[in-house]
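Peer 1: I'll drop the sequence and a predicted model, then ask my questions.
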Amino acid sequence: ETLRLLTWGGYAPDDVIAMFEAETGHTVEVTTSNNEEMIAKLRATNGGGFDLAQPSQDRIASAQEEFGIYKPIDMSRVDAAQFIPSMLSATATNTTFDGEIFGLPHVWGTSGLVVNTAEASQVVDYTDLCDASVAGDVSYRLKRPTLIGFAYAMGLDPFAAYSDLDAYQGILDQVEETLVACKANVKTYWSGGDEIKNLLRSGEVVAAMAWDTGGWQLNADNADITFVAPASGALGWIDTFVLPSRGRADDAAYDWINFVMRPDIAAMITNTAGNFTAAVDGDAGVNADLKARYQASFDQAAIDNIKWYPPVPAGLEAMEGATLDRISAAN
Amino acid sequence: MIPTVPQSSALKWTYRAYVTLFFIYLALPLTVVCAFAFNNSVFPSLPWEGFTMKWFFGTEAPFIGVFHERSIVRAIGTSAFVAVWVAGLAVAVGTCNAFLFVRHDFRGKGLLYILMLLPLIIPGVILGISILVFASSVANTLEDATGLWFDGLRPGLILVILGQFSFITTFATLVISARLQKFDLSLEEAALNLGATKWGAVRQVTLPFLLPAIIGAGVVAVLMSFENFNTTLMLVGSDAPLTIIMFDKLKHGSTPVLNAVSLLLIVASAALGLLSLLFQKSK
Amino acid sequence: MAETADLECRDLTKDFDDFRAVDHVNFDVPQGSFFSILGPSGCGKTTLLRMIAGFQFPTSGDLLIKGNSMIGVGPNKRPVSMVFQHLALFPMMNIGRNIGFGLRQRGVATSDIKTRVGRVLERVGLPGIEDRHIDQLSGGQKQRVAIARCMVLEPDVLLLDEPLGALDLKLREHMKIELKTLQAEFNTTFVYITHDQSEALVMSDNIAVMNEGRFDQIGTAKELYYEPANAFVAGFVGDANRFEGKVTAQNGQIVSLITDGGVELHGQVATQGPAIGQRAQIFVRPEAIQLSKDPTQDADSPNASVRVVDSVLFNGANSMVILRDPQSGETIQVTLPQTGVFLGLTKGEAVFTSWNPTQARCFADEGR
Amino acid sequence: MAETADLECRDLTKDFDDFRAVDHVNFDVPQGSFFSILGPSGCGKTTLLRMIAGFQFPTSGDLLIKGNSMIGVGPNKRPVSMVFQHLALFPMMNIGRNIGFGLRQRGVATSDIKTRVGRVLERVGLPGIEDRHIDQLSGGQKQRVAIARCMVLEPDVLLLDEPLGALDLKLREHMKIELKTLQAEFNTTFVYITHDQSEALVMSDNIAVMNEGRFDQIGTAKELYYEPANAFVAGFVGDANRFEGKVTAQNGQIVSLITDGGVELHGQVATQGPAIGQRAQIFVRPEAIQLSKDPTQDADSPNASVRVVDSVLFNGANSMVILRDPQSGETIQVTLPQTGVFLGLTKGEAVFTSWNPTQARCFADEGR
Amino acid sequence: MVSDKSKLGFYLLLMPLLLWLVTLIILPHIGLFFVSISEKVGVREYETGFGNYAVFFNEPLYWRTFARTAFMSIFTTVLTLLLGFPIAYYIAKLTRGRAKTTLFLMCLIPFWVSELVRTFGWMILLRETGVLSSFLQYTGVIDGPVEFLYNDGAIMVGLVYTSILFMIVPLVTTLDSLDDSLIEAGYDLGGSGWSILREIVIPHAMPGIVSGCIVVFMLSLGNYLTPILLGGKDSLWFTGLIYTQFITRFNWELGSAFGFLLLGLSSTIVFLGLKLSRQSLSGTMGR
Ligand SMILES: Nc1ncnc2c1ncn2[C@@H]1O[C@H](COP(=O)(O)OP(=O)(O)OP(=O)(O)O)[C@@H](O)[C@H]1O
Ligand SMILES: Nc1ncnc2c1ncn2[C@@H]1O[C@H](COP(=O)(O)OP(=O)(O)OP(=O)(O)O)[C@@H](O)[C@H]1O
Ligand SMILES: NCCCCNCCCN
Ligand SMILES: [Mg+2]
Ligand SMILES: [Mg+2]
């Protein structure tokens, strides 16, 4: 069978694919994407075209409610013992819709700050990116994590407001004001993981809101650059496995899930993607440098301070979208 | 301002300088794209880290060369598949259209001709979304009615091919019509007069005459298909053509692999273009 | 014309929408003869020829080749071949394949085609050029290849639509003679259309003069030239001085006419003469007018008068003089004798002209 | 030519890369005259004319208009106007704006332009057509508009590059006479180039015969026709029968020559005669040959012989007969008398020909 | 022109054309229109209405982007015409034979590769650590790295680059068909370079100018990659909004309405352009 995998960059390294193909006889076709595009694609194909997708756990239930693009996970075909139980159950809770579970955890990590400490050690929270001292040399995405991160840094609690759309709109308005004012500071809004790494590496950007993994990877080349957990807390995400409603290769999909959750494979993925997985003992084979960098970025207080994304209620994204559009149009 | 009319040499040299600058402007981006395909660095930018061929033939991360990068090799295959279909369909329909518009007079011809030109002034995005929306609603209706799946009407290669075909056909029609217009109808009559059947005359005389235009239109169609982005992006499913893959890679940060692919593309399309020109010359 | 003619047209008519391009045309072309259709541009020549070839369908009338009606027979089934105005040689084939085209359509064996193509090329005087491309031929050579392409099929009738029109002057002169020679050589019936009277006169056994879709006269070159059937033919075939006026008297075959400028002229009536008092035209060929510097000579000729030289158009053997009637201001053209005697005429000089009334033709005005 | 000529060329030469298109050409054109340059295709006529207009730069030599050198003067600054071969009327303007173009460039007031355009259109016989588009004109009318567009600027010299080439036969005949009339009417110097000898002969005051970049002869039409300076002029201007052979004797101005077919002929030598034993050519005009059915007449003429009719080319006043020498097989063309006496000749009939040696020209072969 | 018998052939030729136009152009646009007038009122609930269009007019961001896109596209078109005309004229009128073919081919070569590659090249050139900035620092023109990317200027450079071929080709074709003797006649009658350009060359080239302008305008208006990749944070382009609605907002209804508005805009401007220049669509594009 051919497994058509819709995933993030780095989650399906070529050597893993080669091993999987050799072992199972399936072939794998990878399409890399991000949350919005994954949902958009599946919406356009009405849940067809792909056999396995990996959106973040907070975006699954609402998409399922709106478009019905996933099919429930058949837990009997999953080797549940390979998953860290707490993550498995947390994901299950967040991805339940109409009593059925739609997601399994795979990779987790955080968004925070990646800073060139030699140039911008003063940046310790998201709002510091708007400081005049780094004008023109910062970058972040124009996506919902940025709105949320800035809200926390501004002392607000957006996740708490998820259930109260008016309150949430109030938060969004404040964040919008901040980000519009901050726009002049921004070199460019990045959109891909490698892009922000290039910007930081070349020195064109000295501080950014970005994924932890990018900071650690850069740290290997340039000790000045590293991931910094923001004072107001990093944002924690879990990317999952979901089955598109009209996937044709369920067998291959479950095979893939069970394969990549093996500790040795999980470690290989962590080594390329840079993030840890939900696999039991998945960190055993991870190279020591990465662990060290993880520990340098996250002390226990920082870990406790991670803000994990709760599921996004339907309708919220439309409000966020309008805010993002207005920020993008401002000048 | 023609060679036979004398001009001041200052004017002449200013003009030439401008033309030279212009061609430098044209060549510059392509030149740097090609040059950085050989930079021994993971980033397609300065500083120059030395010459390498790794971005073509490398097998070890991070220096995976084009020929070993699965997604790119597969995307090239997909693009070629799409291009062949698009070119074939566009040329076939374009040839029919050319005969229709050049050889026949009928009511509504003017209107149909304008409709035929319309894809030239519809932005590619809109072609893409309109076909996407229309195909989806047809699929939804059919699926609701029959309970069967109509995957062909969902984003995927078929829609990509149809989407590109929908506007490339206009170009093919124009190119082939232009040549058919130059065809001296008395050649076909001469063939009839010499005993050929109607179809025999078209096959032995008209089609060979059109061949350069047909090949030219085919090459243009292949090139347009290979580079199309706007329409394709809306219609692509799991099999992504090269431009979409490259765009993804570019968005997610680029390595000189992209330069290497681009270099190959430049060489291949230049060769294809030149070949078709040579062919048209030799005719 | 005892046996059936190669080509017969019976009341052939072609209407385009509201316009009659060919109007009840009747003629026979006997086997082996060179038949020309001569007429001004737009008179319907091409339409007629295309009906014979089968590219256009007659509105009414019949068309027979070797006695068989061709109505309903497709152009690829008729035993006629056509040399197109711009020759229509196939640019995508070499000479050999061009000439072999028709044979291939008939399914003739390849080796047979080869010999027959070689033979016909020899007959048109271009042996061994099978492999050349048509771009490598001169205009006259292309002409011969086009004829060879038709003749290799041994058609009953060869149709030619102004094939010399695209050639330059000197080559055209040469090809006139050559075409006639080729026709004699192949002994095939040629139907040739042209608007150039000298082509028709030089080459043809018989000529039909066509005007506005009708045939005004069919005859040999000399008949048309010396015995035109009506004013159109008289004016179209060969040069002629034309005078318009009113008939004042008739004396046997000779009528007298007073031109609008007030000069009295005399000419011979054609078939049906104009009544006295009716308007008529007299045509006199420039070479039929005698010039003299001596008033006494020809003084008793009925058309003698004195005229003034307007200009001398020196053109070697074809030199002319334009003379003005001092009284009416009318001008006439007179061919100068080839001996060159009158070349010394200068503008303003008076000369005496006269012509024999039997060499002038008078036609009644058709109602207009 | 007491006063300065309107146009003078002094050793004018033009080289293209390795090829000399115009080779030391010298001539003067007096005010108000019609000067033609006649030569075969590719001989350099257009190149010469374009140097006069300012679109080509002479390699060497000088070019004066009304006594002023034009070297270094731009085409838009020269007092010459040009009628282009395909007329070059501006399709994006109506007739009025076409003709007014040059005046607008000079900054003439709009109302003034209007009257001057109206006046010149009247002079060329097309009053009131200012608002028409050029597509709405016939070929001859376009011709006249093109001339009007130049003449409204009152140029010193009008250059015309084969302006009749694109017209059809009958219209060309007509325009020949009309052009000459317009030239007389405007009294402007015309420099006219053509490869059609009859155009040049009929219209010009003086003709230069051009061959391979050089002027072979300059003279009036009659001089060229009756006293050609060399073999090229004799062959190019007017029709001629040409015989090649070896000189056997010379008697005063008359030389004897044995053709390659073995026939003895006599002709008058031009300027410098060929030596005995040298190869030479004799040219005899078709109208200079006398025909007779009676062997005794002209029997003592040095060029008398008996020949056989090959074909009679009937063409009205311009009919010809092609005769074959039974012995050598050589053919000659003979113009039939306009009286029509020999029209009855039939193929195979024997006739007697002769010509006066003073009417034949003999030229030594140039080394080849 | 064709015999009366070929009715069957005529319908056989007509069919592919109709199939193509109806199923891929006409029906999809009708469908798009119907989607654009369905408003989303809740999860999987839609009503017919012009609400999506109202959203456009009530949100300054959308129509400002719309206007900006239109304006910049027109500006690109004018700029492309001004830059391309001398080049086209040079190729058509001032070169002959081999040089002409070579120059013409050189114009084409960049366009045998995808827009993506071309834009990628500009990114490498213009970025802060890119070739241009390094070159200028090396030559001492500037003394620190300068960012040339991510501004409207970069977008213009990219758009002009991407579309100039489509201006030059029709211009070369029409200028080629201008008989040199018309220009010579202009000079011969005393014209200057400028008056000949105005009175003869430009009127003759009008169909080519209009066709080039239409294509360039459409290409700019419908462009997506160039503004996104070269424009950075200020890259707002109307096609971007359409993509966003379809791809990141899953809001096909609003996206369709935007699509229709863009179509309306492009048709209107093309129509006005044709009217102003007194040309016809078939006369300019259909050659
Ligand atoms: N398909 C057609 N429909 C309508 N009218 C036509 C058609 N073909 C020819 N005609 C008209 O019929 C007339 C005769 O045309 P035809 O081509 O036979 O003339 P022709 O004698 O060959 O002229 P030429 O010497 O210019 O070739 C013309 O007035 C022409 O306009
Ligand atoms: N620009 C040029 N470069 C090189 N050779 C040229 C050029 N223009 C003309 N020639 C050559 O110069 C010769 C004379 O050309 P020109 O056009 O003056 O001839 P022409 O007498 O006007 O001929 P035609 O009667 O055919 O118009 C020709 O052999 C031609 O090939
Ligand atoms: N808001 C969810 C972010 C999910 C990020 N996944 C990142 C993968 C990076 N390689
Ligand atoms: Mg005709
Ligand atoms: Mg010339």
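Peer 2: It's in. Ligands and ions are numbered 1, 2, ... in the order given.
Peer 1: tell me where the stretch 201-350 of chain C has helices.
Peer 2: For the stretch 201-350 of chain C, applying DSSP state H, counting those that start in this stretch gives helices covering C:221-226, C:231-236.
Peer 1: list the buried residues in the first one.
Peer 2: Neighbour-count burial for helix C:221-226, counted by 16 or more other Cβ atoms under 10 Å in any protein chain shown, picks out C:A221, C:E223, C:L224, C:Y225, C:Y226. C-betas here are computed from N, CA, C, even on glycine.
Peer 1: show the contacting residues for the third one.
Peer 2: For C:L224, the set of contacting residues under the criterion of Cβ atoms under 8 Å, 6 or more residues apart in numbering or on different chains consists of C:L201, C:I207, C:V209, C:Q217, C:V233, C:V237.
Peer 1: what's in contact with the top helix by length along chain A?
Peer 2: Longest helix in chain A by number of residues (criterion: DSSP state H): helix A:165-182. Outside helix A:165-182, the residues within contact range by Cβ under 8 Å, 6+ apart are A:127, A:129-130, A:146-147, A:150-151, A:154, A:156, A:158, A:161-162, A:315-316, A:319-320, A:323, A:326-327, A:330.
Peer 1: run through these and flag the ones next to chain E.
Peer 2: Contacts with chain E within the contacts of helix A:165-182, counted by Cβ under 8 Å from any Cβ of the partner chain: A:R326.
Peer 1: filter the contacts of helix A:165-182 down to the buried ones, PyMOL style.
Peer 2: Buried residues among the contacts of helix A:165-182 (16+ other Cβ under 10 Å), as a PyMOL selection:
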select buried, chain A and resi 127+129+130+146+147+150+151+154+156+158+161+162+316+320+323+326+327+330
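Peer 1: check contacts around residue 72.
Peer 2: Went with chain A since none was named. By Cβ under 8 Å, 6+ apart, A:P72 lies in contact with A:E100, A:I101, A:F102, A:L243.
Peer 1: I was after chain E.
Peer 2: Contacts of E:M72 were listed using Cβ under 8 Å, 6+ apart, and they are E:D152, E:I155, E:M156, E:L159, E:S220.
Peer 1: how close does the residue of the stretch 151-283 of chain B found nearest ligand 1 sit to chain D?
Peer 2: The nearest approach of the stretch 151-283 of chain B to ligand 1 comes at B:L185, 11.8 Å away (Cβ to the nearest ligand atom). The gap separating B:L185 from chain D is 23 Å, by Cβ to the nearest Cβ, to the nearest Å.
Peer 1: equivalent analysis for A:P105, please.
Peer 2: With distances taken as Cβ to the nearest Cβ, A:P105 is found 74 Å from chain D.
Peer 1: okay, now the domains of chain B?
Peer 2: Domain ranges of chain B: B:1-68+B:253-283, B:77-241, per automatic domain parsing.
Peer 1: and the lengthiest strand in chain A, what does it pack onto?
Peer 2: Longest strand of chain A, by residue count under DSSP state E: strand A:104-116. Applying 3 or more Cβ pairs under 8 Å, 6 or more residues apart in numbering or on different chains; DSSP states H and E, one finds that strand A:104-116 contacts helix A:85-94, helix A:144-153, helix A:193-201, strand A:207-211, helix A:212-221, strand A:225-228, strand A:235-241, helix A:263-273.
Peer 1: which stretches of the stretch 1-150 of chain B form strands?
Peer 2: Assigned by DSSP state E, counting those that start in this stretch, the strands in the stretch 1-150 of chain B fall at B:59-60, B:63-64.
Peer 1: mean confidence score for the first one?
Peer 2: In other words, strand B:59-60. Mean per-residue pLDDT for strand B:59-60: 74.
Peer 1: need the contact list for the residue found closest to C:G245 once you drop the neighbours it is linked to in the chain.
Peer 2: The shortest distance from C:G245 to any non-neighbouring residue, by Cβ to Cβ, 6 or more residues apart in numbering or on different chains, is to C:T259 (3.9 Å). If you count contacts by Cβ under 8 Å, 6+ apart, C:T259 has them with C:F243, C:E244, C:G245, C:L265, C:S328, C:E330.
Peer 1: can you tell if stretch B:4-15 touches ligand 2?
Peer 2: No. Stretch B:4-15 does not reach ligand 2 (Cβ under 6 Å from any ligand atom); its nearest approach is 8.6 Å.
Peer 1: for that stretch, give me every contacting residue.
Peer 2: B:1, D:50, D:54-57, D:74-76, E:86, E:90, E:94, E:180, E:183-184, E:187, E:193.
Peer 1: then stretch A:279-293?
Peer 2: The contact list for stretch A:279-293, computed with Cβ under 8 Å, 6+ apart, reads A:81-84, A:215-216, A:219-220, A:226-227, A:260-268, A:270-271, A:274, A:276.
Peer 1: and the contacts of A:P72, which of them are in helices?
Peer 2: Using DSSP H, none of the contacts of A:P72 sit in helices.
Peer 1: count the neighbours of residue 184 for me.
Peer 2: Let's take chain A. 12 (other Cβ atoms under 10 Å in any protein chain shown).
Peer 1: to clarify, I was referring to chain E.
Peer 2: For E:E184, the count of nearby residues is 24 (other Cβ under 10 Å).
Peer 1: surely it touches D:Q85?
Peer 2: No. The pair E:E184 and D:Q85 fails to qualify as a contact (Cβ atoms under 8 Å) at a distance of 11.2 Å.
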